[in-house]
Structures are given as C-alpha cells and as structure tokens.
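> Predicted model and sequence below, questions to follow.
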Amino acid sequence: MNLNLKLVVIAALLLVAEVASQDRSPQTNPPPSSSPTPNPRENYVGDDACRSCHQDKVETFHRTAHYLTSRLPDKDSILGNFNADANVLKTSNPDLYFRMEAEAKNGGFFQTAVQGQPPYTTSRTERFGLVVGSGGKGQTFLFWKADLLFQLPVSYWKEIGWVNSPGYRDGVAYFDRPVIPRCLECHGTYFQSLAPPQNRYSQTGFVVGITCEKCHGPGRAHVQRFNSKSAEASPGSAILNPTRFSRDRQMDLCAWCHAGHGEPLLATFSYVPGEPLEKYIELPQPDPEAPVDVHGSQVELLKRSRCFQSSTMTCLTCHDVHATQKDPAAFSVYCLQCHKAESHPKIEQPIVNNCVDCHMPKQKTNLIVFNWNGRKVSPEVRNHWIKVYPNTSAPAPEERNEKP
Ligand code: HEC
Ligand code: HEC
Ligand code: HEC
Ligand code: HEC
Ligand code: HEC
Ligand code: HEC
Ligand code: HEC
C-alpha cells in the first residue's frame, strides 16, 4: 500500500481544511464595527468569578472533558509517561526515535527527535507549550516558536501511550505543522490572534479549556448585577441561558464544535452563542445519503435520526454539560421520556438499561488513525444516529468497563 495512504489523520476534515486554508488570505480579526456582535474581551471575567455564587457548577464542570480539553503542561495535565523505561517512542525508521523528558529543576517538559546512529546523531528538542485533549481518548501537544504555535510530532493515546501524532508519517521528524485558529476555537476559550501568519498568537492573551463564558457569553455585567444591592431591582440576568434559545440556536451552540471543521466566514473566536452560526462558519453539508464518520459529527448524525426529526429533541435532551456523564446505562431514562419499554418489539435480550448499546453503538472512526507499530489504530466513538442497527447487543453489566 502506498505510504501516503497509511498516513494518519486526526480528522481528515481537519487536514483538508488546513490545506485549504493555506490557500486563502491569512485570517485577521475584522474591525469591531464590521463584526455583527462586537465582543470585547474585557467583558469576560473567567470561571473564578462565577465560583462565589455557582460553586457546585464550577466544581463539577471543572472535571469535565470540556474544561480539561486544553491545559498548560504540568505533571498532571500531560498523561504520557516520562519515566526512563517508558519515555522513548521508536519509529519504523531505525535512524529516528523520540525521547520525552521532564526537567525537574525548571519544571519544563520536552520532546527530542534523535536522528542517525551514535556517535553521529543530530537532535532537535522542543518544549511542550500546550496540551490539547482531555485524555479520555488522547492528547496532542503544541509548542511555541516565538509567538508561532506548532504541533509536536509525538502525541499520547490512552490505549497505547506515546504515538506518532495523528496525521504524521511514521519515521519522519516533522515539527512544521502550524496550529490553525479553528483548532483552538474548538479546544479552548480564546486565543488572541496576531496573524499573519495564521498560527501567530499572543503568548499571554489566551484562555485554555472551555470555560463558562464560552457558552454563556461575557459575564461581567451579570457578576456586577448580582454583586450589587440593586440586583432585585433590575430585570433580567444579563447573561445568556441557552435554555431560552430557539431549538436551532441550541443546536448551533453544540454545532459550533460538534458538526465538523467547516470554513470560517468571520473571524475565529467572534461567535457568541445565541447568534446564527451559519453567519460565522460554513459547516460541511454532507449528502444525506453519504456516510458520516462518527468522530466530531454528533450534530449531523443526530439530525438523521427519526427521534430528532419527529420531536423537539436537542443535544440538551440527554446531555448536561456541567457534569461528567460516563455511564451509558444511565441514558435510558432520556429515551424513556418518549418511548415505552413495554411497547418495545419483542427481542431475546433484556432492554431496559441498555437502550444506547443497541441503538447508539460505539463504532471505530476512520478519521483518527494512528500509524503505530505497523498497525493502524483508531478509537471508537458513540454513533449519534439513533436507529435499529443489525447485530447489536447489550453487554451484561459485569462486562461493562466504561463506568468511571
Ligand atoms: C454574585 C453572585 C453571582 C455570580 C458571581 C455569578 N452569578 Fe450567575 N447567577 C446568580 C444568580 C443569583 C442567578 C439567578 C438569577 C435568576 O434566576 O434570574 C444566576 C443565574 C445565572 C444563569 C442563568 C441565567 C438565566 O437568565 O436564566 C447563568 C447562565 C449564570 N448565572 C452564569 C454565571 C456565570 C457564567 C458566572 C461567572 C462568569 C456567574 N453566573 C457568576 C448569581 C451570580
Ligand atoms: C458547553 C457549554 C456550557 C458551558 C461551558 C457551561 N454551560 Fe452553563 N449552561 C449551558 C446550557 C446548554 C444550559 C441550559 C441547559 C442546562 O441547564 O443544562 C446552561 C445553564 C446554566 C445555568 C442555568 C441553569 C441552572 O442549572 O441553574 C447556570 C447557572 C449555568 N449554566 C452556569 C454555568 C457555569 C457557572 C459554568 C462554568 C462553570 C457553565 N455554566 C458552563 C451550557 C454551558
Ligand atoms: C467550544 C467548542 C465546544 C462547544 C461549544 C461544545 N463542545 Fe462538546 N466537546 C468539545 C470538545 C473539544 C470535546 C472533546 C474534549 C476532550 O475530550 O478533550 C467535547 C466533548 C463533549 C462530550 C464528551 C464528554 C466526555 O466526557 O467525553 C459531550 C457529551 C459534549 N462535548 C457535548 C456537548 C454539547 C451537548 C454541547 C452543546 C451544549 C457542546 N458539547 C458544546 C467542544 C465543544
Ligand atoms: C470543529 C471542532 C474541532 C476542531 C477544529 C478540532 N477538534 Fe479535536 N475534537 C473535537 C471534538 C468535538 C472532539 C471529541 C468528540 C469526538 O471525538 O467526536 C475532539 C477530540 C480531540 C482529541 C481527543 C480528546 C480525548 O481525549 O478524547 C484530541 C487530542 C484532539 N481533538 C486534538 C485536536 C487538535 C490538535 C486540533 C487542531 C490541530 C483539533 N483537535 C481540531 C473538536 C475539534
Ligand atoms: C424527545 C423524544 C425522544 C427521545 C428522547 C428519544 N426518542 Fe426515539 N424516537 C422518537 C420519535 C418521535 C420517533 C419516531 C417515531 C415514529 O416516527 O414513529 C423515534 C424513533 C426511534 C427509533 C426508530 C428509529 C428508526 O429509524 O426507525 C428508535 C430505535 C429509537 N427512537 C430509539 C431511541 C433511543 C434508544 C433513545 C434514547 C437514546 C431515544 N429513542 C430517545 C422520540 C424520541
Ligand atoms: C438521545 C440521547 C442523546 C442525545 C440527544 C445526544 N447524545 Fe451525545 N451521547 C449520548 C450517549 C448515550 C453517549 C455515550 C456516553 C458514554 O458512553 O460515555 C453520548 C456521548 C457523546 C459524546 C462523546 C462521544 C464519544 O464516544 O466519545 C459527545 C461528544 C456527544 N455525546 C455530543 C453530543 C452532541 C453534540 C449532541 C447534539 C448534536 C448529542 N450528543 C446528543 C446520548 C445522546
Ligand atoms: C439488545 C438490543 C436492544 C436493546 C437493549 C434495545 N433495543 Fe430497541 N430495538 C432493538 C431491535 C433489534 C429493534 C428492531 C426490532 C424489530 O423491528 O423487530 C428495536 C426497535 C426499537 C424501536 C423501534 C420500534 C418500532 O416499532 O419501529 C424503538 C423506538 C426502540 N427499539 C427503543 C428502545 C429503547 C427506548 C430501549 C431502551 C429502553 C431499547 N430500544 C433497547 C434492539 C434493542
């Protein structure tokens, strides 16, 4: 097989978009007046400002994959193993390996590519600058070269450990993949662009993790209102609550990051929930007959479901984004809001606690594939097209190993 075919992709979509975006003029923030919603960052106050009044929500939310999806590097945020017996990634090229090191004295973490055979080796070392991915499945790491942000060649995948970054050819040391704004828009709260080139960012003007105000909009006015004695007097909460959005705008909030990569139409990071997303990002519109990969396409898949088409269901019907929901069996209650277990067609197996194992099975994605040890490895993602799948069965409770 052609080596290129073996190339691995974190979301092929992503690659396509990256290539495409290189042909376009660099993204710059349009002046506030031309933006439909001026969105000055001074009005964002950060999660700590919510704690005094919404402590429970802040605490549970800070354990979710959304909040943990990007972090500064430290011994807790990087899940890969730095111990001497586990910190080397060999490649298919006998003249190339990678070494991961934690430097105790100044707290830095480094990746080194070592090429050649001793004593004639050359090496390149870069410092972990940002960690992307909660690690539920895996993590990719970014490094700064002055104010330019690039992806590191070695990633971490839960089942394997250190791996070639998805999208990277095994046996080549590649340090030149720029990190485009859309990547950080989905995996973080805010990065101040200093484009061009499009991977130039302020090294201090960023907020990692998806934080409260990403979905609720700027919180300054709300905090001021409820801190002041006149709170009772002024109507309204001065903050966005998505329960009051229309169904389309609720779907847009999640589609911002769960409906594929898309093409930015306005400056990245300018979208504010409640607005029509289509003004900001042109999302992929897959042919209704074409297969949709399970990775990152929850919106398209859900929209194909009869449940969605024949009801007012949204993502919020089943998901509370303020807390971790890891037990698939616990989702049956949501199905049973609209369906009756008693009227289920007669089948051999018990059904009540297992709706999703049969009707929303986990499937391998073809969009994230690692080239590892001569094998291709790809994670499984829950298919959001709710329907009858042939040959699905629900595991017995003791076979489940998905509970936290
Ligand atoms: C000084 C206390 C206080 C702080 C700080 C605070 N809130 Fe609130 N928040 C409240 C109160 C009280 C309510 C209930 C208001 C109501 O029901 O109208 C509320 C309601 C909300 C709502 C629902 C609003 C609605 O219209 O339904 C959201 C969303 C919210 N807060 C988010 C936040 C976020 C995000 C932060 C941090 C940026 C924050 N709050 C900081 C006191 C606070
Ligand atoms: C990924 C998007 C998202 C993030 C991030 C988020 N929320 Fe929410 N929030 C929602 C949605 C959607 C609703 C309405 C549905 C619901 O209540 O779950 C909501 C509702 C609320 C409400 C009003 C309803 C209630 O239960 O009182 C409050 C208060 C609130 N959020 C606070 C917060 C705080 C504080 C944070 C950060 C710790 C936060 N949210 C982070 C999406 C988000
Ligand atoms: C700003 C981008 C963004 C928005 C908006 C967003 N998500 Fe996500 N979501 C992500 C990313 C990125 C991940 C993967 C995080 C990781 O594991 O690193 C994720 C993961 C999740 C997960 C898996 C959580 C887990 O524990 O593995 C659920 C469920 C989810 N999102 C639901 C929603 C829903 C529902 C909405 C709309 C209310 C929403 N998200 C809005 C970016 C977003
Ligand atoms: C359009 C939004 C979007 C973009 C752009 C995007 N991602 Fe993601 N990414 C997601 C979502 C959503 C998930 C988790 C849900 C899924 O797999 O369907 C995810 C999952 C991941 C994971 C696995 C996290 C885990 O532990 O489960 C990593 C690592 C990751 N992305 C890295 C990146 C990097 C690096 C970039 C940019 C170079 C990028 N992603 C671009 C939305 C996005
Ligand atoms: C908000 C209400 C609602 C919820 C929640 C809901 N459904 Fe449905 N579902 C429907 C409706 C309405 C239909 C279409 C019935 C019809 O057209 O006869 C449907 C159809 C279905 C079908 C038949 C699909 C097909 O293609 O023929 C299956 C299977 C199904 N639902 C399973 C589930 C499961 C499993 C869950 C929970 C994960 C769930 N539903 C949650 C409303 C819902
Ligand atoms: C009918 C219920 C239902 C609806 C509606 C729903 N989900 Fe889910 N979602 C689930 C279940 C069940 C899981 C699997 C939980 C698990 O196994 O940990 C899940 C998991 C996820 C995950 C993690 C995927 C993975 O395998 O890592 C993401 C991301 C997600 N949902 C996003 C969304 C988004 C975005 C929407 C709206 C387009 C949505 N969900 C609507 C039931 C639902
Ligand atoms: C062991 C697998 C399995 C489990 C668990 C399961 N189902 Fe099903 N379900 C099926 C199969 C198979 C069919 C199609 C049966 C047929 O057409 O004879 C089906 C059909 C359906 C239909 C379509 C009925 C129709 O008349 O077209 C709905 C709705 C549905 N299931 C909902 C649920 C709900 C809700 C749960 C959880 C309470 C659930 N299922 C649990 C396998 C399962």
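It's in. Ligands and ions are numbered 1, 2, ... in the order given.
> Assumed residue 222 was part of a helix.
Yes. Under DSSP: H, G, I helix; E, B strand; the rest coil, residue 222 sits within a helix.
> dump the residue contacts of the spatially closest residue to it that is not a sequence neighbour.
Excluding its sequence neighbours, the residue lying closest to residue 222 (C-beta to C-beta, 6 or more residues apart in numbering) is residue 239, at 3.7 Å. All C-beta spots, glycine's among them, are computed from the backbone N, C-alpha and C. Counting by C-beta atoms under 8 Å, 6 or more residues apart in numbering, residue 239 touches 216, 217, 219, 221, 222.
> closest to ligand 7 among the residues you listed?
Proximity of the contacts of residue 239 to ligand 7 (C-beta to the nearest ligand atom) peaks at residue 216, which lies at 32.1 Å.
> right, and that closest one touches residue 253 too?
No. Between residue 216 and residue 253 there is no contact, the gap being 10.1 Å when judged by C-beta atoms under 8 Å.
> how near is the residue nearest to residue 222 to residue 388?
To residue 388, residue 239 is 42 Å away according to C-beta to C-beta, to the nearest Å.
> remind me which residues of the stretch 101-250 of the chain are low pLDDT?
Residues of the stretch 101-250 of the chain meeting the criterion pLDDT under 70: 230-233.
> Now do residue 289, the pLDDT please.
The score at residue 289 is 71. That number is its pLDDT.
> Name the helix or strand for it, please.
Using DSSP states H and E, residue 289 is not contained in any helix or strand.
> quick one on the thing from earlier: quick one, which of residue 216 and residue 253 is more surrounded?
residue 253 (23 against 18; other C-beta atoms under 10 Å).
> In a strand, residue 338, correct?
No. Checked against three-state DSSP, residue 338 lies outside a strand; its state is coil.
> Now for it, how many residues are close by?
What residue 338 shows, counting by other C-beta under 10 Å, is a neighbour count of 11.
> picking that back up, what about the residue nearest to residue 222, which SS state?
Once three-state DSSP is applied, residue 239 turns out coil.
> Next, work out how far apart it and ligand 1 are.
Distance of residue 239 to ligand 1, computed by C-beta to the nearest ligand atom, to the nearest Å: 5 Å.
> let's number from 6 now, not from 1
New numbering, starting at 6: the last item is residue 244.
> For that residue, what are phi and psi?
Backbone torsions of residue 244, given as degrees, to the nearest 10, read phi -150, psi 150.
> next one: residue 212
According to degrees, to the nearest 10, residue 212 has phi -130, psi 110.
> who's in contact with it?
Per C-beta under 8 Å, 6+ apart, neighbours of residue 212: 49, 51, 193, 194, 195.
> Which ones among these lie within strands?
Residues of the contacts of residue 212 located in strands (DSSP state E): 193, 194, 195.
> Run a quick neighbour tally on the first one.
Think residue 193. 22.
> same question, the second one
Other residues within reach of residue 194, judged by other C-beta under 10 Å, total 23.
> does the closest residue to it other than its chain neighbours have beta-bridge partners, and which?
Spatially, and ignoring its direct neighbours in sequence, residue 194 is nearest to residue 212 (3.9 Å; C-beta to C-beta, 6+ apart). In this entry, residue 212 is beta-bridged to residue 195, by DSSP bridges.
> how close does residue 212 sit to ligand 4?
17 Å.
> for residue 183, same thing?
9 Å.
> all helices of the stretch 106-255 of the chain, in order?
186-192, 217-221, 225-232, 252-263 (DSSP state H, counting those that start in this stretch).
> To ligand 2, which of those helices lies closest?
Nearest to ligand 2, of all those, is helix 217-221, at 2.8 Å by C-beta to the nearest ligand atom.
> helices or strands up against that closest one?
Under the contact definition 3 or more C-beta pairs under 8 Å, 6 or more residues apart in numbering; DSSP states H and E, helix 217-221 sits against helix 60-66.
> May I have the helix it packs on as PDB, with CA atoms only?
Taking Å, rounded to 0.1, in the frame of the first residue of the first chain, the C-alpha atoms of helix 60-66 are listed here in PDB:
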ATOM      1  CA  GLN A  60     -19.700  26.800  43.300                       C
ATOM      2  CA  ASP A  61     -21.300  23.400  42.600                       C
ATOM      3  CA  LYS A  62     -21.500  24.000  38.900                       C
ATOM      4  CA  VAL A  63     -17.900  25.200  38.800                       C
ATOM      5  CA  GLU A  64     -16.600  22.200  40.700                       C
ATOM      6  CA  THR A  65     -18.400  19.600  38.600                       C
ATOM      7  CA  PHE A  66     -17.700  21.400  35.400                       C
END
